[in-house]
Every structure is written in structure tokens, then in C-alpha cells.
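Enquirer: Sharing a model that was predicted from the sequence below.
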Amino acid sequence: MVFEKVLKIIGEQLGLDDMSAVTAETSLMNDLEADSLDAVEIIMAIEDEFGVEIPDDEAEKFKNIGDIVKYVEAKQ
Amino acid sequence: MKRRVVVTGLGCITPIGTGLNTFWEALLSGKSGIDYITRFDTTDYPTKIAAEVKDFVPENYIDKKEAKKMDRFTQLAVAASQMAVEDAELKLKDIDSERFGVILGSGIGGIETLEDQHSKLMEKGAKRVSPFFIPMMISNLGAGYVSIALGAKGPNTTVVTACASSTNAIGEAFKVIQRGDADLMITGGMEASITPLSIAGFCSMKAMSTHNEEPQKASRPFDSNRDGFVMGEGSGILLLEDMEHAIKRGAKIYAEIVGYGMSADAHHITAPSPDGEGAARSMVNALRDAGITYEDIDYINAHGTSTPYNDKFETLAIKSVFKEHAYELAVSSTKSMTGHLLGAAGSIEAIACIMAIREGKLPPTINLENPDPELDLDYVPNKYKEKVVDYALSNSLGFGGHNATIVFKKFK
């Protein structure tokens, strides 16, 4: 559930219609061409969606989408 | 050594049509782009009408992801710039990108973004303000994004002089090429300020028409019953080129730009200087820069906002500069149809002048039903007129007392 919602948020922010190739190993910046501003906005949207706070020093540690999902699931 | 500067491409997105041909045909047919505002609820507003751009789909011109990071004013400019480049048949890979620049004008830039993000700040706090807020809002990002889209690495600035912005931008771009600092310049302007805060602000100034019962008749420059301007939105883009560069690549040439004049009223923040004294000096400066006399001008596209003061003082200014010739030339205000595009006004009015020269047709001033007795020039009332135009002049006069004038010439 969390994974699907996170994918939806990323897809909307990055204007990607086809998310079928995106997995937990996908990196926002390396694989999806998100820049640093995109990454910040995606984290903000995820914070809003799940009612969690993701401090900057935690966000910096995320290497891929899987890391984001794990962090959110742990906070819920 | 002053190089000659020509116009080789045009693109526009306006309240009366998208694309040069649609825009020009609409002007000639006297079509009004003014209607009830749809972008927000105008229940509490004294003015409920504006000239919105209808049916603009940013994704038709811009990648969806990029479009999301642009305020509407930028989307309009990027799309119109692409149209101009395509119209000019300019092959971007064949030009020196360092000698290809962008100078655009905008009165306020990303005010819609400002309002949206301010609401977010108020409702959800500082940490919810988008990281894209600043780059989306600041007025120069229109020119910034255009330079990215076109790979234009040459001179790049944004001119902000309220309603004179685009005319100043075109003049500055003209000078850049004339003095040899670039060979190609994208210029013109963009504005998308039909927003709750912006309309409210102008309403409070009592500067806008409240003729809500008949939107298409509200903008009536030079008419006795004029009661204020109607706001419009859009973007007009011109590709200016060094004449030799244009001839060498076999470009089609619309017209030549030969003069640019500026002045300041140094009088009042919003009211024009009495008797149009400031506007007159701007026109005189443009004529001198062009090396022509007042008798050479065939057509003036007036600032003509449909406010009591502007139309009266601008007419006085024209009479003082052109003397008896003021009664031989023609003056029209296309704001009667397009509304007042504020910082982008000069850009689409420049296109109107260029097409008037090219086609020998003058767009009308519509809604001229009861001409103000003091305003007795030929304003091309209600229907377009055929006339050979060798020289046309465009005025833009902005809040703060900024006056700007461009002289266009038939290319020979």
C-alpha cells in the first residue's frame, strides 16, 4: 500500500505516465532524472500523504524508493 | 557602426487567438477576447471581466514535467518563443548559440504562484512552501526558461516597466543586435496576472472597467463612455535578427526595426503627466533614433487603454509631436479587442504594427460608438482600413511614468 502511494506521488511530481519499470531499487536522481528540488518536493508530498515528518538528515540517506517506503512504514 | 535589425519570426498566444494568422485575422475582423473571468470566483469583485487566453494547453508545447515547474506566464512565453523560432525556420544547430539571446518583458511575473504558495504558508506553515516557489515566481525565469528551451547563450535579461515592459524589452533587444553584441534575439513579453489578488488590486485603484453587463463592449479606447481598462493575459514573441545574418540564411523578413525611444514622466505613480508630455518625449526620441521626421509615420498603435486619462493625454501627446500630420496618420488601439496585457501589451501590439506594414491593413479600434469630442483623430473606428504603411510606431506607457516607443519600417 505504502509503495503504491509513494509511486503515485513520484509519478505525479515527475510527470511520468508509465511507472511499470519503477521498482524499490530505482533511484530518484540517478534513474528518474529528478533534480534536488524535485526530491524535496516529493519528500514534502510524502510527508503530507502519510502524516509523517522526514528530517533532512534522514532524507539524505535514502538511496532508492525502497528506502523511502521502509522509513514511512516504520513511522506508521 | 550601427547594424540593421529585422524581424524574421513571430509567435503569439493571445485572448483573441493563438498563432500569428489567427491573431491577425481576429484583429482585422474586430473580434473581442473579453468575457467573464473563469479562472476564479468574482462574486465580491467590482470587475468581473477580463481577456483570458482560451484553450491554452501547456503540454502541447512543453514537456509535462517541465510545465509543472513553470508559472503560467513562463509557459506562455516558452510556447510562443517556440512558435517564433519555427515561424522563422531557424535551425538552432546551425547558429552560434552565444550570439543568440533573450530579452523579455513582464510586469509582475509569477503572481499566481506567489498567491498559491502564500496560501500554503498561511494554511500549512513554512515547511510546506514548495522548493519551486522562488524559481516559478521570479519574473526573469520567463527569459531563463526560454534560453534553456532554445539553447540561447547570448545576452539575457528581463525588463520590468509595468505596461511598458515588452516595448522596452523589444527596444533593448534591438539595440543589442544593432551594436553587434548578438545576431539573434528572442524578444517581446509575457503576462498571466488574471488572479484574485491582482484583479483585486487593480479594482481597488478603480483603474478597470466595471462594464460587466456587456464584456465585449467594456474596452472602448477614445470613446466618451470609456471607464477603465480590461486586463488581458498572453505572450507575444518576435525573433529579431541582424539583417546580414537573415539574408545569408534566406530568412523571410517581416519588417525592420529602426527606432527606440524612452522617457520618464517624473510625475505620478499611476496618472500620466498632463498633456502627455512624457509620452511625447518618448515618441520624439524614437523618431530621432530612427533618423526620420514625424511626417514619415503612417500608423500609430496607441497605448490606448480605455481609461479617461490615458486616451486623452496620449492624444494630446500625438498632436504635439505630429502637429498637422496627426490628422493624416491613423491611430488605433488594439486593446479594444485584446484587453490590456500589461507587461505583454507591447509585444502583441508590436506584432500588430509589423503585420500592418506587411499587409497594408490597419486593425480597428472597436466599440468607438460615441467618440469623445476632444479626441478627434482617425482612430480607425470599428472596421479595419486598407492603407499603405511604410512606418509604424507603437507606444507603451507604464505605471511609474515609464514611456517607451518603437518605430517599425517596411523592409527594403
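Expert: Good, I have the coordinates.
Enquirer: now the helices for the stretch 51-200 of chain B?
Expert: B:64-68, B:72-87, B:111-124, B:133-137, B:141-150, B:165-178, B:196-204 (DSSP state H, counting those that start in this stretch).
Enquirer: quick one: contacts of the third one?
Expert: Yep, that's helix B:111-124 we're talking about. Applying CB atoms under 8 Å, 6 or more residues apart in numbering or on different chains, the contact partners of helix B:111-124 are B:71-73, B:128-130, B:133, B:136-137, B:192-193, B:195-198. Quick note: C-beta positions are derived from backbone N, CA and C, even for glycine.
Enquirer: could you redo the last one with a cut-off of 10 Å?
Expert: The set of residues external to helix B:111-124 that reach it, using CB atoms under 10 Å, 6 or more residues apart in numbering or on different chains, is A:44, A:48, B:39-40, B:70-74, B:108, B:110, B:126-130, B:132-139, B:141, B:191-198, B:201.
Enquirer: Which of those are buried, as a PyMOL select command?
Expert: Written as a PyMOL command, the selection of buried residues from those, which uses 16 or more other CB atoms under 10 Å in any protein chain shown, is:
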select buried, (chain A and resi 44) or (chain B and resi 70+71+72+73+74+108+110+130+132+133+135+136+137+138+139+141+191+192+193+194+195+196+198)
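Enquirer: In chain A, what residue lies closest to chain B?
Expert: Distance from chain B to each residue of chain A (CB to the nearest CB) is smallest for residue A:15, at 3.3 Å.
Enquirer: Give the burial count for that residue, as a bare number.
Expert: Burial measure for residue A:15: 14 neighbouring residues, criterion other CB atoms under 10 Å in any protein chain shown.
Enquirer: Kindly report the same for the one 4 residues further on.
Expert: Applying other CB under 10 Å, we find 15 residues neighbouring residue A:19.
Enquirer: For it, give me phi and psi.
Expert: Backbone torsions for residue A:19, taken as degrees, to the nearest 10, come to phi -100, psi 10.
Enquirer: Just the pLDDT for it.
Expert: The pLDDT attached to residue A:19 in the predicted structure is 89.
Enquirer: Relative to residue A:26, how far out is it?
Expert: When CB to CB, to the nearest Å is applied, the distance between residue A:19 and residue A:26 equals 9 Å.
Enquirer: hey, what's in contact with both of the two?
Expert: Contact criterion CB under 10 Å, 6+ apart; residues bridging residue A:19 and residue A:26 by contacting each: A:7, A:10, A:32.
Enquirer: Let me have these in JSON lines, extended by pLDDT.
Expert: Listed next are the shared contacts of residue A:19 and residue A:26 as JSON lines, based on pLDDT from 0 to 100:
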{"residue": "A:7", "pLDDT": "95"}
{"residue": "A:10", "pLDDT": "95"}
{"residue": "A:32", "pLDDT": "92"}
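Enquirer: Most neighbours among the residues you listed, which one?
Expert: Using other CB under 10 Å as the neighbour criterion, residue A:10 leads the shared contacts of residue A:19 and residue A:26 with 23 neighbours.
Enquirer: In this structure that one contacts residue A:49, no?
Expert: No - contact between residue A:10 and residue A:49 fails when scored by CB atoms under 10 Å: they sit 11.2 Å apart.
Enquirer: Please give me every residue in contact with the residue of the stretch 301-412 of chain B found nearest chain A.
Expert: Shortest the stretch 301-412 of chain B-to-chain A distance, computed as CB to the nearest CB: residue-wise this is residue B:343, at 26.0 Å. Residue B:343 makes contact with B:73, B:104-109, B:139, B:142, B:158-169, B:189-193, B:235, B:396, B:398, according to CB under 10 Å, 6+ apart.
Enquirer: Excluding covalently adjacent residues, which one is nearest to it?
Expert: Sequence neighbours aside, residue B:107 is the residue nearest to residue B:343 in space, at 3.2 Å (criterion: CB to CB, 6 or more residues apart in numbering or on different chains).
Enquirer: Help me see whether the longest helix along chain A makes contact with chain B, please.
Expert: Ranked by residue count, the top helix of chain A under DSSP state H comes out as helix A:36-50. Yes - with CB under 10 Å from any CB of the partner chain as the criterion, chain B is reached by helix A:36-50 at A:36-45, A:47-48.
Enquirer: and the next helix or strand after that helix, average pLDDT?
Expert: If you walk from helix A:36-50 toward the C-terminus, the next helix or strand you reach (DSSP states H and E) is helix A:56-59. The average pLDDT within helix A:56-59 is 93.
Enquirer: The lowest-mean-pLDDT helix or strand in chain B and chain A, are they touching?
Expert: Comparing helices and strands within chain B by mean pLDDT, DSSP states H and E singles out helix B:64-68 as the least confident, with a mean of 91. Yes - figure legend: helix B:64-68 in contact with chain A (CB under 10 Å from any CB); contacting residues B:64-68.
Enquirer: Quick check: of these, which lies closest to residue B:384?
Expert: Nearest to residue B:384 among those: residue B:67, at 35.8 Å, using CB to CB.
Enquirer: Burial check on residue B:210, number of neighbours?
Expert: By the measure other CB under 10 Å, the count of residues near residue B:210 is 15.
Enquirer: actually residue A:31, sorry about that
Expert: A count of nearby residues for residue A:31, using other CB under 10 Å, gives 14.
Enquirer: measure it to residue B:345 for me?
Expert: Using CB to CB, we find residue A:31 at a distance of 45 Å from residue B:345.
Enquirer: Over to residue B:122?
Expert: When distance is defined by CB to CB, residue B:122 is 32 Å away from residue B:345.
Enquirer: neighbour count winner among those two?
Expert: Counted by other CB under 10 Å, residue B:122 and residue B:345 do not tie: residue B:345 has more neighbours, with 36 against 8.
Enquirer: pLDDT score for that one?
Expert: Per-residue confidence at residue B:345 stands at 98 (pLDDT).
Enquirer: name the element it belongs to?
Expert: helix B:345-359.
Enquirer: starting at the chain centroid, how far to that helix?
Expert: Its chain's C-alpha centre and that of helix B:345-359 lie 10 Å apart, by CA atoms, centre = their mean, to the nearest Å.
Enquirer: and if you look at stretch A:43-55?
Expert: Relative to its chain's centre, stretch A:43-55 lies at 10 Å (CA atoms, centre = their mean).
Enquirer: Mind jotting down where the helices sit in the stretch 301-412 of chain B?
Expert: Taking DSSP H, counting those that start in this stretch as the criterion, the stretch 301-412 of chain B carries its helices at B:308-322, B:335-338, B:345-359.
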